[in-house]
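Asker: Take a look and give me a structure for this.
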Amino acid sequence: AMYHLAATTVGDYALFGGGNSQSTVDAYNTSLTRSTPTALSVAMYHLAATTVGDYALFGGGNSQSTVDAYNTSLTRSTPTALSVAMYHLAATTVGDYALFGGSSNAGIYLSTVDAYNTSLTRSTPTSLSVARGNLAATTVGDYALFGGGYASLVRPYHSNVVDAYNTSLTRSVLTVLSDGGYGLSATSVGNYALFGGRCNGYRSTVDVYHLNSKIISIYPGTKYKLGDMADEATSQTFQEIEVATPINGYIKVSNTTIN
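Answerer: Coordinates of the predicted model:
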């Protein structure tokens with residue numbers, strides 16, 4: 001039995017780890033068969049997890065700075081620890097970086113963000129604009145978003161701030177959430193990042209962030225690879241594709257007549 005655990009996916013496995021001072025990790029493969037790989041190196045709860053490259057990372061929790069990494073074979077390694085112990089943190093991945101940010105513990109709030117690349121080398125990009133914990137994180141397009149959180153035990157401040165990190169780890173600050181709060185959740189679908197729920201007063205609010213996009217015309221016979229497409233495609237018919245900006249990729253126009 002677990003609570004305050006974390007979950008992520010690597011290769012053909014979904015991993016659940018930590019919770020209520022446990023170090024257990026359970027893995028489910030694509031047939032939903034469960035196995036139990038090597039446990040976390042430290043029992044943790046209120047930790048965070050995300051995946052970068054071929055590694056699932058579990059980090060922080062109950063005043064720990066430990067990070068454990070599981071590869072696609074579920075072999076565990078222990079990369080460089082977080083720069084500070086984090087608790088009630090959030091994690092997500094953008095480009096080649098796994099990001100762990102924010103913390104709250106005994107009235108101490110942190111704005112620290114640690115980044116791990118695909119080789120598990122740690123760096124420390126610009127901090128969050130507001131120190132806070134119990135926040136939420138998700139990624140949409142080329143941006144990792146950290147939103148909401150709890151910023152003070154002395155004078156309760158339910159943060160509505162959203163910080164965004166691009167694939168170069170440059171930080172920007174977006175339009176604030178419609179309502180500040182902590183204990184919220186975040187996820188993404190298509191070109192939308194969604195932040196929903198709150199613990200302060202139990203809110204049903206959902207805030208949506210939409211990537212700026214442009215419509216690209218693709219003509220028959222044209223080869224193209226845009227956005228997060230894994231492989232080049234060849235268009236058989238005329239089509240219009242919505243692509244998030246800034247647009248990454250290429251279009252190879254064939255010999256055709258464009259009206």
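
Asker: Direction included, what does the lowest-mean-pLDDT helix or strand in the chain pair against?
Answerer: Averaged element by element with mean pLDDT, DSSP states H and E, the chain has its least confident helix or strand at strand 239-244 (a mean of 82). Strands adjacent to strand 239-244 in the sheet, as given by DSSP bridges, are strand 213-218 (antiparallel).

Asker: Quick check: buried residues in stretch 141-159?
Answerer: 141-151, 157-159 (16 or more other C-beta atoms under 10 Å). For the C-beta atoms, the positions are set from N, CA and C on the backbone; glycine is no exception.

Asker: re earlier: would you mark the buried spots in the least confident helix or strand of the chain?
Answerer: Judged by neighbour count (16+ other C-beta under 10 Å), strand 239-244 contains these buried residues: 241, 243-244.

Asker: hmm, back to that, just the buried residues of stretch 141-159 now: which is nearest Phe195?
Answerer: Gly147 (4.9 Å; C-beta to C-beta).

Asker: Double-check that closest one against Gly197; I have them as touching.
Answerer: No. Checked against C-beta atoms under 8 Å, the pair Gly147 and Gly197 is beyond contact range at 11.7 Å.

Asker: any common contacting residues for the two?
Answerer: Any residue near both Gly147 and Gly197 by C-beta atoms under 8 Å, 6 or more residues apart in numbering counts here, and that gives Leu184.

Asker: ok, the residue nearest to the spatial centre of the chain - contacts?
Answerer: In the chain, the C-alpha nearest the mean C-alpha coordinate belongs to Thr92, at 1.7 Å (C-alpha atoms, centre = their mean). Shown in contact with Thr92 (C-beta under 8 Å, 6+ apart): 50, 98-99, 137-139, 144-146.

Asker: His210 versus that one, what's the distance?
Answerer: Remark: distance between Thr92 and His210 (C-beta to C-beta, to the nearest Å) = 18 Å.

Asker: again with Thr66
Answerer: 37 Å.

Asker: Looking at the two, which is more packed in?
Answerer: The neighbour comparison of Thr66 against His210 (other C-beta atoms under 10 Å) goes to Thr66, with 19 against 12.

Asker: ok, and the closest non-adjacent residue to the more buried one?
Answerer: Spatially, and ignoring its direct neighbours in sequence, Thr66 is nearest to Val42 (4.7 Å; C-beta to C-beta, 6 or more residues apart in numbering).

Asker: before we move on, what about Tyr109?
Answerer: Ala131 (4.1 Å).

Asker: Does the one you found touch Gly107 like I think?
Answerer: No. Ala131 is beyond contact range of Gly107, at 11.4 Å (criterion: C-beta under 8 Å).

Asker: out of the two, which sits in the busier spot?
Answerer: More neighbours surround Ala131 than the other of Ala131 and Gly107, with 18 against 8 (other C-beta under 10 Å).

Asker: ok, that one - contacts?
Answerer: The contact partners of Ala131, taken as C-beta under 8 Å, 6+ apart, are 102, 109-111, 151.

Asker: Tell me the one among those nearest to Val173.
Answerer: For those, the nearest to Val173 is Ser111 (12.2 Å; C-beta to C-beta).

Asker: That closest one: which element?
Answerer: According to DSSP states H and E, Ser111 maps onto strand 108-116.

Asker: before we move on, what about Ser104?
Answerer: In the assignment (DSSP H and E), Ser104 maps to strand 97-105.

Asker: now that strand: how far from the chain's centre is it?
Answerer: 10 Å (C-alpha atoms, centre = their mean, to the nearest Å).
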